[in-house]
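Participant: Quick one: sequence plus predicted model below, questions after.
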Protein chains: 14
Amino acid sequence: MDSVSLIGMISVITAGLTVAIGSIGPSLGEARSIAQALSAIAQQPDESATITRTLFVGLAMIESTAIYCFVVAMIIIFANPFWDYVAASAGG
Amino acid sequence: MDSVSLIGMISVITAGLTVAIGSIGPSLGEARSIAQALSAIAQQPDESATITRTLFVGLAMIESTAIYCFVVAMIIIFANPFWDYVAASAGG
Amino acid sequence: MDSVSLIGMISVITAGLTVAIGSIGPSLGEARSIAQALSAIAQQPDESATITRTLFVGLAMIESTAIYCFVVAMIIIFANPFWDYVAASAGG
Amino acid sequence: MDSVSLIGMISVITAGLTVAIGSIGPSLGEARSIAQALSAIAQQPDESATITRTLFVGLAMIESTAIYCFVVAMIIIFANPFWDYVAASAGG
Amino acid sequence: MDSVSLIGMISVITAGLTVAIGSIGPSLGEARSIAQALSAIAQQPDESATITRTLFVGLAMIESTAIYCFVVAMIIIFANPFWDYVAASAGG
Amino acid sequence: MDSVSLIGMISVITAGLTVAIGSIGPSLGEARSIAQALSAIAQQPDESATITRTLFVGLAMIESTAIYCFVVAMIIIFANPFWDYVAASAGG
Amino acid sequence: MDSVSLIGMISVITAGLTVAIGSIGPSLGEARSIAQALSAIAQQPDESATITRTLFVGLAMIESTAIYCFVVAMIIIFANPFWDYVAASAGG
Amino acid sequence: MDSVSLIGMISVITAGLTVAIGSIGPSLGEARSIAQALSAIAQQPDESATITRTLFVGLAMIESTAIYCFVVAMIIIFANPFWDYVAASAGG
Amino acid sequence: MDSVSLIGMISVITAGLTVAIGSIGPSLGEARSIAQALSAIAQQPDESATITRTLFVGLAMIESTAIYCFVVAMIIIFANPFWDYVAASAGG
Amino acid sequence: MDSVSLIGMISVITAGLTVAIGSIGPSLGEARSIAQALSAIAQQPDESATITRTLFVGLAMIESTAIYCFVVAMIIIFANPFWDYVAASAGG
Amino acid sequence: MDSVSLIGMISVITAGLTVAIGSIGPSLGEARSIAQALSAIAQQPDESATITRTLFVGLAMIESTAIYCFVVAMIIIFANPFWDYVAASAGG
Amino acid sequence: MDSVSLIGMISVITAGLTVAIGSIGPSLGEARSIAQALSAIAQQPDESATITRTLFVGLAMIESTAIYCFVVAMIIIFANPFWDYVAASAGG
Amino acid sequence: MDSVSLIGMISVITAGLTVAIGSIGPSLGEARSIAQALSAIAQQPDESATITRTLFVGLAMIESTAIYCFVVAMIIIFANPFWDYVAASAGG
Amino acid sequence: MDSVSLIGMISVITAGLTVAIGSIGPSLGEARSIAQALSAIAQQPDESATITRTLFVGLAMIESTAIYCFVVAMIIIFANPFWDYVAASAGG
């Protein structure tokens, strides 16, 4: 097993697991926020503008952690400096 | 075991696990949102338009994390740069 | 162990686990939505049309994550590019 | 250990685990739906027709994930393309 | 270790684990349904016919997942195609 | 390690684990049903006949999953086709 | 390591684990039933005869799963067919 | 490593784990029963005789599963048929 | 690694783990009983004698499972028949 | 396997897992805060300014732990001193 | 690796883990008892003497399981018969 | 594998896991405090000054445990005495 | 790997894990006691002296289990009899 | 792998994990105390002085377990007697 295939294998596994594990927290978290927002709207319809605005700010912050994971997975697949190095070495 | 079969094996496993693990969070999260939306509609039928609209925006955001997983799995199966490299090397 | 049997073994395992793990989240999630829908109908029978419609839209979205898993398992069993490659190599 | 016995072993394990793991989610999910349906009938007997109909649609969707698992297990035991290939190779 | 004993061992383990794991979900699920049915009868005795009928339909569906596991275990012990193949090969 | 002792070892382990794991779900499930039945009797003593009858039907169905496990364990210990085969081969 | 000591070791481990794991479910299940029975007696003292009778029937069914485990452990220690076979072979 | 020390090691581990794991279920189960009994006495002091009698019958049944574990551990340490066999063989 | 050090190592590990794992169940169980007893005294001070007496009987039964573990650990450290045998063999 | 590929592999895995695991806590934590904030606004609309301000301070502190993880992952990918050292050594 | 260092290593690990694992149950259990005692005092201040006395008896019994673990750890470190034996053998 | 790459690899893994695991507790803990603070403000707006002050003191203490983890990770990456030693040895 | 480095490695790991695992139970337990004490003070301010005194006695007992862990870790690092023995042997 | 790098590696891992695991309990515990304190202040503003004082005493005790972990991690990194010994031996 040479370096190229090792780094390749590891990159594939890591990219997949990163988005998979990284989807659990944000999806459950967003669900909790949305569920509470719907409950709050039903309880206090007059405040639905404030509630919706606060909800969207919050969803953006929660989604940011999912996006960190997606960004790292994309870096690992398409802009991986370690792969570039060993591929360059192997091709050199 | 040569590089080609190793990268192939790892890609198959990773693609499967990514969508499998990535389906747990979003499906439970969407269920929570929908359950609360139904409860809110039953409690405040007059607000069903606002509730449904907020629900659909939320579902879209939760579904996005499931879609990240599906996209990464598809990239790993059909547009895997590491596989392309080693297959090209093996065929070269 | 040659490449053909390795890729074959891994594909069998992955296909099975993908649908097995991928059935947990959606089935529990759909159950939660349905349970809440039934509770909402019992509480507010006049809104049963709205509740049922929202429920079915939601079930479709939750089912979509189960279907992603089933699709990936079918691709792995019947349209696996890595298997095709190594089988072609072995037969070549 | 030749390819035939390896693929055979893995297929046996995978078929068993797939239905075993795949029975957990749907059975618990169906139980939740039925329990809530019974509770709703006791609370609102006049809506028992609507409740029962919604319940059966829901059970069908939950059961579908269990059936995906059973189908994949049957494919793995009786219509396994990888086994057919290696058995043909071994017999060839 | 020849193929015959390997396939045999694996089949024994898989058959046992399949029914063991496959008994957890259905038994807990049926218990939940029955418990709720008893509670509903105590709350609304006049609806006991409807409740009992819905309960038995539900138990049948939950039991079906346990039966899938039992069927697969029986197939693995008494009608295992992989065992038949290797036993035929070993005896041939 | 010859085939006879391997199949023997595996059979012992599997038989024990099958009944051990298979006792968890049914015992907890039966307990839940009984507990709810007792609660229902205390709440609605006049319905104790209906409650007891429904309870016993339910316990029979839950117990059936425990019995599947016991049956499989007995088959593995006393009527194991794989053991019979290898013992016959070893003695032949 | 000859077959005799292997089968012996495995039998010791399995017998111990079977009763250990098999004690968890029944003991917790019986506790739940008893706790609810005591609560029901306190709530409805006039029904204590019915409650006690239903409780004892239930405890007998729950205890049956613990007894399955004990029986299998005793069979494994004192009437193990696999041990008898290998001990006879070793002594022959 | 000869058979004597192997069987000895395994017996020590199994005896310890059997009582350790076997103490979890019964101790938690007895605690639940006692807690509910105390609560029931506080709620209905006039029924304390019935409650105490039912409690003690129940504790005896729960304790029986702990005693199964203790008995099996004692058999493994002091009346282990497998150890007797290998020690006799080694000393013969 | 000779038999003496192996049996010694295993005995040390087992003794420690037995009391460590065996302390979890009883300590949590006793806590639950005591907590409920205190709550019952606060609710029904006139029954404190009955409550305390029932509590102490119960604590004795729960503590018995912890004592089984301690006794087995002490036997393993100071009266281990397997160690005595191998130490006698090594010294003989 | 030389040092360069080892450090590269480990860095890829660690970077992925760090952001993946590091997204669970913050996303669930932020969701809890937002849900409670929405509930508080619905309950006390006049205090929505204070509530929103306290919420945003809190979200910033929770997000900080997610950012620590992202920063460490970026350092590991793009400013890894250990990689720089071994790459310099390998190139030297 | 000679016997002396092996027994030493194992003794260090076991002593540490025994007190570490053995601190979880008692500390949580004592906390539960104390919390309930404080709640009971707040609810029924006139019974604080009875409550405190019952609490201290209970804490002593819970602490006893922690002390078993500490005693076994101290025996393992400072009065370990297995270590004494092998150290004497090594020095002899 | 020489010492330099080993220490490097271990340092990368440890730094990543330390901040990742170390983010779970503080983020969930801070969320709980903030959620309760928002609830308290909504319930008692006049005390919002006291509540906010107590909250910020508490957040600082909780954040301190996250900062311990970040500090240790930074020490491991940039001021690691073990790395300095082996790098000096390797370069010496 | 000689005995000195092995005992050293094991001691470092054990000391760290002992305090780490040993901090979980006591910190959660103390938190529960304190939380309940604060709640009791808010409910019954006149009994704050009794509550505080009972709390501090309880915290001392819970802290004792954390201190056992810290003491054992310090013994393992600075007064380890096994290390002293092997270091003396190595230096002798 | 010589002793120096082994002790170094183990020390790095242990230091990181000790603070990481050791941050979970205290941060959750402190959060629980603070949350209850805020709730108590909102419920009984007149007792805020007593509540705050009791809270700070409690936080100090909980933080002490986190500090034990940090102290042990610092000892392991900067005042490790085992490392000093082997580094002196290696340099001697």
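Facilitator: That came through, no problem. Keep in mind it's a predicted model, so treat the numbers as computed, not measured.

Participant: Skipping its backbone neighbours, what lies nearest residue A:21 in space?
Facilitator: Nearest non-adjacent residue to residue A:21, counting by CB to CB, 6 or more residues apart in numbering or on different chains: residue J:20, 4.0 Å away. Placement of C-beta: from N, CA and C, glycine included.

Participant: Quick one: residues contacting the one you found.
Facilitator: With CB atoms under 8 Å, 6 or more residues apart in numbering or on different chains as the criterion, the residues that contact residue J:20 are A:17, A:18, A:19, A:20, A:21, A:22, A:69, L:20.

Participant: Likewise for residue A:25?
Facilitator: Shown in contact with residue A:25 (CB under 8 Å, 6+ apart): A:65, A:66, B:25, J:23, J:24, J:25, J:26, J:27, J:28.

Participant: element containing it?
Facilitator: Using DSSP states H and E, the element containing residue A:25 is helix A:24-43.

Participant: Mind giving me the packing neighbours of the next helix or strand after that helix?
Facilitator: For helix A:24-43, the following helix or strand on the C-terminal side (DSSP H and E) is helix A:48-78. Helices and strands touching helix A:48-78, by 3 or more CB pairs under 8 Å, 6 or more residues apart in numbering or on different chains; DSSP states H and E, are helix A:3-22, helix A:24-43, helix B:48-78, helix J:3-21, helix J:24-43, helix J:48-78.

Participant: tell me the angle the last one makes with helix A:48-78.
Facilitator: Angle between the axes of helix J:48-78 and helix A:48-78 is 0 degrees (criterion: axes from the mean of the first three to the mean of the last three CA atoms, to 10 degrees).

Participant: which non-adjacent residue is nearest the residue most central in space within chain A?
Facilitator: By CA atoms, centre = their mean, chain A has its centre lying nearest to residue A:66, at 2.4 Å. Closest residue to residue A:66 apart from its sequence neighbours, by CB to CB, 6+ apart: residue A:26 at 3.9 Å.

Participant: ok, now which ones touch that neighbour?
Facilitator: Taking CB under 8 Å, 6+ apart as the test, what residue A:26 contacts is A:62, A:63, A:65, A:66, B:25, B:65, J:23, J:27.

Participant: Same question for residue A:42.
Facilitator: For residue A:42, the contacting residues are B:39, B:40, B:41, B:43, B:44, B:47, B:51, by CB under 8 Å, 6+ apart.

Participant: Type out the PyMOL command that picks the buried ones from those residues.
Facilitator: The PyMOL command for the buried members of those (criterion: 16 or more other CB atoms under 10 Å in any protein chain shown) is given here:
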select buried, chain B and resi 39+40+41+43+44+47+51
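
Participant: Residue H:8: which of the contacts of residue A:42 is nearest?
Facilitator: Distance to residue H:8 across these (CB to CB) is lowest for residue B:39, with 61.5 Å.

Participant: I'd say that closest one and residue C:40 touch.
Facilitator: Yes. Assessed by CB atoms under 8 Å, residue B:39 is found in contact with residue C:40 at 5.9 Å.

Participant: State the pLDDT value of the closest residue to residue A:65 other than its chain neighbours.
Facilitator: Spatial nearest neighbour of residue A:65, chain neighbours left out: residue J:23 (3.9 Å); criterion: CB to CB, 6+ apart. pLDDT, residue J:23: 92.

Participant: Now the phi/psi pair for residue J:23, please.
Facilitator: phi -90, psi -10 (degrees, to the nearest 10).

Participant: Any stretches of chain A with poor pLDDT?
Facilitator: A:1, A:91-92 (pLDDT under 70).

Participant: okay, now the closest residue in space to residue A:72 that isn't next to it in sequence: neighbour count?
Facilitator: Counting by CB to CB, 6+ apart, residue J:19 is the residue found nearest to residue A:72 once chain neighbours are left out, at 4.9 Å. Neighbourhood size, residue J:19 [other CB atoms under 10 Å in any protein chain shown]: 28.

Participant: for residue A:67, same thing?
Facilitator: Counted with other CB under 10 Å, the neighbours of residue A:67 add up to 17.

Participant: From residue K:66, how far out is it?
Facilitator: In this view, residue A:67 and residue K:66 are 46 Å apart by CB to CB, to the nearest Å.

Participant: ditto for residue A:47
Facilitator: Distance of residue A:47 to residue K:66, given as CB to CB: 51 Å.

Participant: Nearest to chain D: which residue in chain A?
Facilitator: Residue of chain A nearest chain D, by CB to the nearest CB: residue A:24 (16.0 Å).

Participant: that older thread, between the contacts of residue A:42, which is nearest chain E?
Facilitator: Checking the contacts of residue A:42 against chain E with CB to the nearest CB, the nearest one is residue B:39 at 18.6 Å.

Participant: and that closest one, how far is that from residue B:56?
Facilitator: Applying CB to CB, the value for residue B:39 to residue B:56 is 17 Å.

Participant: What of residue A:74?
Facilitator: Distance, residue A:74 to residue B:56, using CB to CB: 27 Å.

Participant: Neighbour count for these two, which is higher?
Facilitator: With neighbours defined as other CB under 10 Å, residue A:74 and residue B:56 compare such that residue A:74 has more, 18 against 15.

Participant: Show the contacting residues for the more buried one.
Facilitator: By CB under 8 Å, 6+ apart, residue A:74 lies in contact with residue A:15.

Participant: Please apply the same query to the one 3 residues further on.
Facilitator: By CB under 8 Å, 6+ apart, the residues touching residue A:77 are A:11, A:12, A:15, B:72, B:75, B:81.

Participant: make it 7 Å
Facilitator: Counting by CB atoms under 7 Å, 6 or more residues apart in numbering or on different chains, residue A:77 makes contact with A:11, A:15, B:75, B:81.

Participant: Same check on residue A:15?
Facilitator: The contact partners of residue A:15, taken as CB under 7 Å, 6+ apart, are A:73, A:76, A:77, B:72, J:16.

Participant: Nearest spatial neighbour of the first one, chain-adjacent residues omitted?
Facilitator: With CB to CB, 6+ apart as the criterion, residue A:73 has its nearest non-adjacent residue at 4.3 Å, and that residue is residue A:15.

Participant: circling back: ok, now which ones touch the residue nearest to residue A:65?
Facilitator: A:22, A:25, A:26, A:65, A:66, A:68, A:69, J:66.

Participant: hang on, isn't the residue nearest to the centre of chain A packed against residue A:19?
Facilitator: No. Checked against CB atoms under 7 Å, the pair residue A:66 and residue A:19 is beyond contact range at 8.4 Å.

Participant: Looking at chain A, what residue ends up closest to chain N?
Facilitator: Closest to chain N within chain A is residue A:25: 16.0 Å, counting by CB to the nearest CB.

Participant: separation between that residue and residue L:28?
Facilitator: 11 Å.
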